[in-house]
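Asker: All I have is the shape, not the residue letters:
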C-alpha cells in the first residue's frame with residue numbers, strides 16, 4: 001500500500017482518475033523533472049503527457065491511475081513544487097497564484113464526480129494543514145458559488161492575493177493559513193474533461209487577440225462552455241481557450257468562431273495548438289463537423305476497430321455471456337445482467353440516431369442525432385465494461401468473506417475488507433443506474449425527433465434502460481442493506497431515489513411524445 005493512502009471501497013483494476021496539475025515553471029527543466037519524478041514515484045501512476053510553455057512559464061502534467069495513488073501523487077507534486085518554485089520570482093504570460101497553481105481531478109471510469117469532489121476536499125485539507133499552503137476549492141468541489149470559476153479565485157493574481165488574503169474575509173482560503181508564502185496558494189477541484197486549446201493569429205497585436213477572446217468567451221456573452229484570454233506568445237497574438245464541455249461547444253466550432261471574429265478585424269489564423277490531452281471523441285466529433293460527414297461510425301476508424309477486436313472477450317459475445325449467466329456460478333448475476341441490458345438500450349439508441357442521420361426528412365435534427373449517437377456509444381462502452389466490473393465486485397466480496405477469523409486483529413481486518421468490498425459492490429450498480437437514466441433521456445430525444453420508422457427500436461432501447469435501472473437499484477439496496485448505516489451509503493440511496501424519480505418522469509414524457517407522433 002502506498003504510504004498516506006486512504007483506503008476506499010473501489011475496484012482498483014477499473015477505477016481511474018485523471019489529474020492535470022498546472023505548475024508555474026517551464027524555463028528550469030530540472031525543476032520540472034523533479035516534479036514529474038515525484039508524481040511517477042507513486043506506484044500505479046502513469047504520466048500521460050507533459051507540456052511546457054516558455055512564454056507562459058507554465059507546465060501542465062497529465063497523469064492517471066486509481067484514486068488513492070492519484071491523490072498521493074498530487075500531494076507529492078504540490079510538496080515538491082513548493083520547495084522549488086518561488087512565486088515572488090516568477091514571471092510569465094499566464095495568470096497564476098501558486099507554484100502549483102491548479103489541480104483538477106477528472107473521473108474517467110469506475111468513479112464519479114462525487115468521488116473526485118471527495119478527493120479534492122481531502123487533498124485540500126491535507127495541503128493546507130501539512131504544507132501550510134492556502135487552498136481554494138473550485139468547479140464541482142467549490143464550497144462557495146463565487147469560487148466555481150477559476151478566474152474569480154485568480155483575480156489580481158499572486159501579487160494582489162498576497163495583499164488581500166490577510167485583510168479581506170472574502171479572500172480567506174477554504175483550507176490553510178490566510179497568508180501567502182513563496183509557494184503562493186493552490187486551487188484544487190473536480191471537473192469534467194477540459195480541452196486546453198490555443199489559436200495563434202497572424203498578427204503581433206495582442207489587442208486583436210483580446211478582442212476576439214472577449215467575443216467568444218461565455219462570460220462575455222459568447223460561446224457556452226468556452227473560457228478565453230488574449231495573450232502575446234512567441235511573437236504572435238494568441239487566443240488561449242479552455243473548452244469546459246466539448247459536447248456543448250466543439251473544438252471545430254470554437255476555432256471557427258475565432259477565425260470569423262479575427263477576420264472581422266482583418267486578421268487570419270496562423271496555427272493552433274493543443275495543450276495536454278484531448279478525448280478521442282472530441283477529435284472525431286471535430287472531424288465529422290469539419291468534413292460534414294454523414295452516417296459516420298466510430299468503428300470506421302482503423303484504430304477503434306483494432307481495439308474492439310483485441311478487447312473482445314467472453315462477456316463481449318452475447319452467446320458466451322448468456323451461457324455464463326445461466327451457469328450455476330453466482331457471478332455474473334443480476335448486476336451484470338442489468339449492465340448488459342443498459343448496454344443494449346444504448347446500442348438501440350445509437351441505431352435510431354444513425355437511422356435518422358443523413359435523411360432529408362430529418363435534416364433539421366441532423367446535428368442533434370449525431371451528438372446523440374456519440375453519447376450513446378460512450379454509454380454503451382461504459383455499461384459493457386460494468387458487466388465484468390459487477391462480477392468482479394461480487395467475487396471481491398466473496399474473497400473478503402473467506403478471510404481468516406479468530407483473533408481481534410483478524411476480525412478487524414476481515415470486517416474492513418468486507419465493508420470496502422461491499423461498498424464497491426454497491427457503487428458499480430449505482431453507476432449503472434445513473435448511466436441507464438442517461439440512456440432513457442437519449443431514447444426520449446430519439447422518440448421526439450428521430451426517424452419515425454425506427455420508433456419501436458427507440459422504445460425498446462428505453463425499455464432496456466428502464467430494466468437496467470430497476471435491476472441495478474435492487475443490487476445497490478441489497479448490498480447497502482448488509483452494512484451498517486453510513487454517510488456514503490445514505491448519500492448513494494438518496495441519489496438513487498432521485499434517479500428513480502427522474503425515470504418515472506421520463507416514462508410520462510415518452511408516453512406523451514409517442515401519442516403525438518402517431519398514437520402509439
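Answerer: That came through fine. Source: prediction; values computed, not measured.
Asker: Report the distance from stretch 124-137 to the chain centre.
Answerer: 23 Å (Cα atoms, centre = their mean, to the nearest Å).
Asker: go on, stretch 207-221?
Answerer: Distance, centroid of stretch 207-221 to centroid of chain: 26 Å (Cα atoms, centre = their mean).
Asker: Give me the contacts around it.
Answerer: 149, 151, 201, 203, 222-232, 237-241, 254, 257-258, 261-262, 265, 267 (Cβ atoms under 8 Å, 6 or more residues apart in numbering). Where you see a C-beta, it was placed from the backbone N, CA and C, and this is true even at glycine.
Asker: Mark which of those residues are part of strands, please.
Answerer: Secondary structure defined by DSSP state E assigns 201, 226-232, 237-241 of those to strands.
Asker: Okay, now the unreliable bits of this structure?
Answerer: Flagging of the chain using pLDDT under 70 yields the residue ranges 1-14, 303-320, 485, 518-520.
Asker: what's the domain layout of it?
Answerer: If you go by automatic domain parsing, the domain ranges for the chain are 16-190, 195-282, 294-516.
Asker: Output the ones you listed as JSON lines; include the columns distance to residue 288.
Answerer: Output for the domains of the chain, formatted as JSON lines (distance: least, Cβ to Cβ, whole Å):
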{"stretch": "domain 16-190", "distance to residue 288": "23"}
{"stretch": "domain 195-282", "distance to residue 288": "9"}
{"stretch": "domain 294-516", "distance to residue 288": "5"}
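Asker: Just send these back as TSV, with mean neighbour count too.
Answerer: Listed next are those as TSV, based on neighbours: other Cβ atoms under 10 Å:
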stretch	mean neighbour count
domain 16-190	20
domain 195-282	19
domain 294-516	18
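Asker: Pull the contacting residues for the closest residue in space to residue 368 that isn't next to it in sequence.
Answerer: Excluding its sequence neighbours, the residue lying closest to residue 368 (Cβ to Cβ, 6 or more residues apart in numbering) is residue 449, at 6.4 Å. Neighbour list for residue 449: 356, 362, 365, 368, 369 [criterion: Cβ under 8 Å, 6+ apart].
Asker: And residue 449, how far from residue 455?
Answerer: Going from residue 449 to residue 455 by Cβ to Cβ, to the nearest Å gives 11 Å.
Asker: try residue 116
Answerer: Residue 116 is 38 Å from residue 455, by Cβ to Cβ.
Asker: if you go through the chain in chain order, where are the strands?
Answerer: Assigned by DSSP E, the strands in the chain fall at 16-19, 22-23, 46-53, 58-65, 100-109, 135-139, 186-190, 195-201, 226-233, 236-243, 269-275.
Asker: Can you check which of these gets nearest to residue 347?
Answerer: With Cβ to Cβ as the measure, strand 100-109 is the member of the strands of the chain nearest residue 347 (18.9 Å).
Asker: And the closest one, how far out from the chain middle?
Answerer: Between the mean C-alpha location of strand 100-109 and the chain-wide mean there is a distance of 9 Å, by Cα atoms, centre = their mean.
Asker: Repeat that for stretch 182-189.
Answerer: Here the centre of stretch 182-189 is set off from its chain's centre by 22 Å, with Cα atoms, centre = their mean.
Asker: how far does it stretch from start to finish?
Answerer: Terminal residues of stretch 182-189 are spaced 22 Å apart (Cα to Cα, to the nearest Å).
Asker: so where do the helices sit in the stretch 251-400 of the chain?
Answerer: Taking DSSP state H, counting those that start in this stretch as the test, the helices found in the stretch 251-400 of the chain are 251-264, 280-291, 302-311, 318-326, 334-356, 366-401.
Asker: May I see those helices organised as JSON lines, with distance to residue 186 added?
Answerer: Output for those, formatted as JSON lines (distance: least, Cβ to Cβ, whole Å):
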{"stretch": "helix 251-264", "distance to residue 186": "28"}
{"stretch": "helix 280-291", "distance to residue 186": "28"}
{"stretch": "helix 302-311", "distance to residue 186": "37"}
{"stretch": "helix 318-326", "distance to residue 186": "46"}
{"stretch": "helix 334-356", "distance to residue 186": "38"}
{"stretch": "helix 366-401", "distance to residue 186": "31"}
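Asker: Tell me which of those lies nearest to residue 20.
Answerer: helix 280-291 (15.0 Å).
Asker: If you count contacts, what does that closest one end up packed against?
Answerer: Helices and strands touching helix 280-291, by 3 or more Cβ pairs under 8 Å, 6 or more residues apart in numbering; DSSP states H and E, are helix 251-264, helix 366-401.
Asker: of those helices, which approaches residue 74 most closely?
Answerer: helix 366-401 (24.6 Å).
Asker: tell me which strands and helices that closest one is in contact with?
Answerer: Using 3+ Cβ pairs under 8 Å, 6+ apart: helix 366-401 touches helix 280-291, helix 334-356, helix 408-449.
Asker: now these as CSV including distance to residue 35?
Answerer: As requested, those are exported to CSV (distance: least, Cβ to Cβ, whole Å):
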stretch, distance to residue 35
helix 280-291, 27
helix 334-356, 39
helix 408-449, 32
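Asker: From residue 456, how far off is the most centrally placed residue in the chain?
Answerer: Nearest to the geometric centre of the chain sits residue 192, at 3.5 Å (Cα atoms, centre = their mean). Separation of residue 192 from residue 456 (Cβ to Cβ) stands at 34 Å.
Asker: from memory residue 293 sits against residue 284, does it?
Answerer: No: between residue 293 and residue 284 there is no contact under Cβ atoms under 8 Å: 9.6 Å.
Asker: the more surrounded of the two?
Answerer: Comparing residue 293 with residue 284 by other Cβ atoms under 10 Å, the one with more neighbours is residue 284, at 18 against 15.
Asker: What residues does the more buried one make contact with?
Answerer: When contacts are counted by Cβ under 8 Å, 6+ apart, residue 284 touches 298, 301, 374.
Asker: Same question for residue 205.
Answerer: So residue 205 contacts 237, 267 (Cβ under 8 Å, 6+ apart).
Asker: Residue 272 versus that one, what's the distance?
Answerer: Taken as Cβ to Cβ, the span from residue 205 to residue 272 is 18 Å.
Asker: related to what we said a few turns ago, just tell me which of the strands of the chain ends up closest to residue 121.
Answerer: Taking Cβ to Cβ, strand 135-139 is the member of those nearest to residue 121, at 6.5 Å.
Asker: what about the closest one, distance to the chain center?
Answerer: Counting by Cα atoms, centre = their mean, strand 135-139 comes out at 17 Å from the chain centroid.
Asker: what does stretch 449-463 give?
Answerer: 29 Å.
Asker: how long is that stretch end to end?
Answerer: 18 Å.
Asker: Touching, residue 190 and residue 122? I think so.
Answerer: No: counting by Cβ under 8 Å, residue 190 sits too far from residue 122 to count as a contact (11.3 Å).
Asker: shared neighbours of those two, which are they?
Answerer: Common neighbours of residue 190 and residue 122 (Cβ under 8 Å, 6+ apart) do not exist.
Asker: still on that earlier bit, nearest to residue 158 among the contacts of residue 284?
Answerer: residue 374 (40.1 Å).
Asker: mind listing what the closest one touches?
Answerer: By Cβ under 8 Å, 6+ apart, the contact list for residue 374 reads 247, 281, 284, 285, 298.
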